[in-house]
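Asker: A structural model of the following input is requested.
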Amino acid sequence: MTVSHALPDAALREVDTPVDTALACPPEQRGDIDLAAWAAHAVAGNVIEYHRGHLAEDRNPTTSRLPEAACARVDRIADTALAMEATGQVLLLQRRLGDGVFGYLAIKAVGDRRPTMPMVQRAGR
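Answerer: Numbers count the residues shown, from 1 in each chain. Modelled structure (predicted):
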């Protein structure tokens, strides 16, 4: 089951918030520490693109076309994003950018919005 959340264009333009640009690296170079640092300083509603590509392929060493170190980095940031979603720190969305290319977004949540069932369990239903 695929869940899709539509964001207004204005919300998607917020990817370049001051907190986001302070990271000084493009999404394809961001790591788990960058995501955690962003979340620690972001305010509710801030958006960051934490990965660009095809996350399921890019994090798997057998299917990824990325070098081994980059594949491991993508795997760590994906795990960090899922853990942050499970604890209610962020909401996770993806936006199709092209054929097989997606922008993976984390939106800083308001307060403590812990889901009743973590995303990993919901996806496995």
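
Asker: just checking, what's the longest helix in the protein?
Answerer: As assigned by DSSP state H, the longest helix anywhere in the chain is helix 68-86.

Asker: and the next element down the chain from that helix?
Answerer: Beyond helix 68-86 in the direction of the C-terminus, DSSP states H and E gives the next helix or strand as strand 90-98.

Asker: what's the next secondary structure element after that next one?
Answerer: Assigned by DSSP H and E, the successor of strand 90-98 is strand 101-108.

Asker: Can you give me the distance of Met54 to Thr63?
Answerer: Not quite, residue 54 is His, not Met. Counting by Cβ to Cβ, to the nearest Å, the gap from His54 to Thr63 is 9 Å. (Glycine included, C-beta is placed from N, CA and C.)

Asker: Between those two, which is the more surrounded one?
Answerer: His54 (17 against 12; other Cβ atoms under 10 Å).

Asker: Please look at Tyr50 and Asp32 and confirm they touch.
Answerer: No: Tyr50 lies out of contact with Asp32 (Cβ atoms under 8 Å); the separation is 9.0 Å.

Asker: overlap in contacts of those two?
Answerer: Taking Cβ atoms under 8 Å, 6 or more residues apart in numbering as the criterion, Tyr50 and Asp32 both touch Ile77.
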